[in-house]
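**Q** no sequence for this one, just the structure:
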């Protein structure tokens, strides 16, 4: 049974280290393929309570991450099962079984939902907590801990405020097209690569992010349960983000695994969304790369993805604004965009 322990200093996307940054420890416990929600979470219970943790659920076709803590293991597991069923019931309605690009996603998600209802169980891929963890159990495949300095960063450029605006240009690495749907409950992004964009990300260290930015920052807050079918996806952190935007972003540390003509999607719930303010929503696509001190995918996964990705200064890529609109222009309506 493998026991992997890593201790490495990591820095956030596009950030520069401060002189004396404070640090936090993130430990990721990876589980074998048949570890159930109840079994995995119960290993963390102490005195009838589990710590704050992120639980990654592994479906055959996508993954979902949800934050729980300060409750019993049974309560946390039951909360996850109920939340995931409600989320799948919603997400399956967001894909058209008669659309050639969306049909496979619909069928897979429908199967996930049927399996969950039939078994009342889910498979845990990993659990991450911001603490040192030492445990030994047949369900555990590996444990990795990283020390993460807390550093600052900021959001990129301002953009203009046309009604519904498609910003995509001719950059070959921009996806061929996609859609964006902004609900008061969350942000659903879909995209697909063409040959040029898929080929542009061919290194094992390549990453990308799909960012949903809400202006103004006080008009929304990002939730905790994020889902996607991107390989090795991560929920980005807002730590150090400045400016006027609320930034709810989902990225992947393995952009080289993105395939041409495959529909990729991300769902990021909002914890709050003030529709009465008619906030402006901007969708941004940007490239990244493993930070220079990252030597393997396992190190990057252990760091939670967001903490080990840096801006790709070795390429001419720049963040690309894809589409923008005010909420009242398309409330809960799927808006298309394409590479011009």
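**A** Nice, I can see it. A quick note: this is a predicted structure, and the numbers were derived from the prediction, not measured. Numbering: from 1, shown residues only.
**Q** burial count for residue 292?
**A** Counted by other C-beta atoms under 10 Å, the residues lying close to residue 292 total 9. Where C-beta positions appear, they are placed from N, C-alpha and C, glycine not excepted.
**Q** Report whether the expected contact of it with residue 311 is present.
**A** No: the criterion here is C-beta atoms under 8 Å, and residue 292 misses it with residue 311 at 11.7 Å.
**Q** residue ranges with poor pLDDT in the stretch 1-150 of the chain?
**A** Residues of the stretch 1-150 of the chain that meet the criterion pLDDT under 70 lie in 1-23, 148-150.
**Q** Which parts of it are strands?
**A** Using DSSP state E, counting those that start in this stretch, the strands of the stretch 1-150 of the chain run over 23-31, 53-58, 63-68, 124-129, 140-149.
**Q** closest one to residue 332 among those strands?
**A** Of all the strands of the stretch 1-150 of the chain, it is strand 63-68 that lies closest to residue 332, at 21.2 Å by C-beta to C-beta.
**Q** Pairing partners for that closest one, with directions?
**A** When pairing is defined by DSSP bridges, strand 63-68 lines up against strand 53-58 (antiparallel), strand 226-228 (antiparallel).
**Q** in the stretch 101-250 of the chain, which spans are helices?
**A** For the stretch 101-250 of the chain, the helices defined by DSSP state H, counting those that start in this stretch cover 103-119, 195-200.
**Q** Same list (the ones you listed) but as CSV, adding mean neighbour count and distance to residue 183.
**A** Shown next, in CSV, are those (neighbours: other C-beta atoms under 10 Å; distance: least, C-beta to C-beta, whole Å):
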stretch, mean neighbour count, distance to residue 183
helix 103-119, 16, 17
helix 195-200, 17, 27
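**Q** Output these as JSON lines; include the columns distance to residue 189.
**A** Output for these, formatted as JSON lines (distance: least, C-beta to C-beta, whole Å):
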{"stretch": "helix 103-119", "distance to residue 189": "13"}
{"stretch": "helix 195-200", "distance to residue 189": "15"}
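**Q** Which one of those lies nearest to residue 30?
**A** Across those, residue 30 has its closest neighbour in helix 103-119 (21.1 Å, C-beta to C-beta).
**Q** so who does the closest residue to residue 230 other than its chain neighbours touch?
**A** Among residues not flanking residue 230 along the chain, residue 252 sits closest, at 4.3 Å (C-beta to C-beta, 6 or more residues apart in numbering). Residue 252 sits next to 207-209, 228, 230-234, 258, 305 when contact means C-beta atoms under 8 Å, 6 or more residues apart in numbering.
**Q** 7 Å - rerun?
**A** Contact analysis of residue 252 by C-beta atoms under 7 Å, 6 or more residues apart in numbering lists 207-208, 230-233.
**Q** From those residues, list the buried ones, please.
**A** Buried subset of the contacts of residue 252 (neighbour count, 16 or more other C-beta atoms under 10 Å): 207-208, 230, 232-233.
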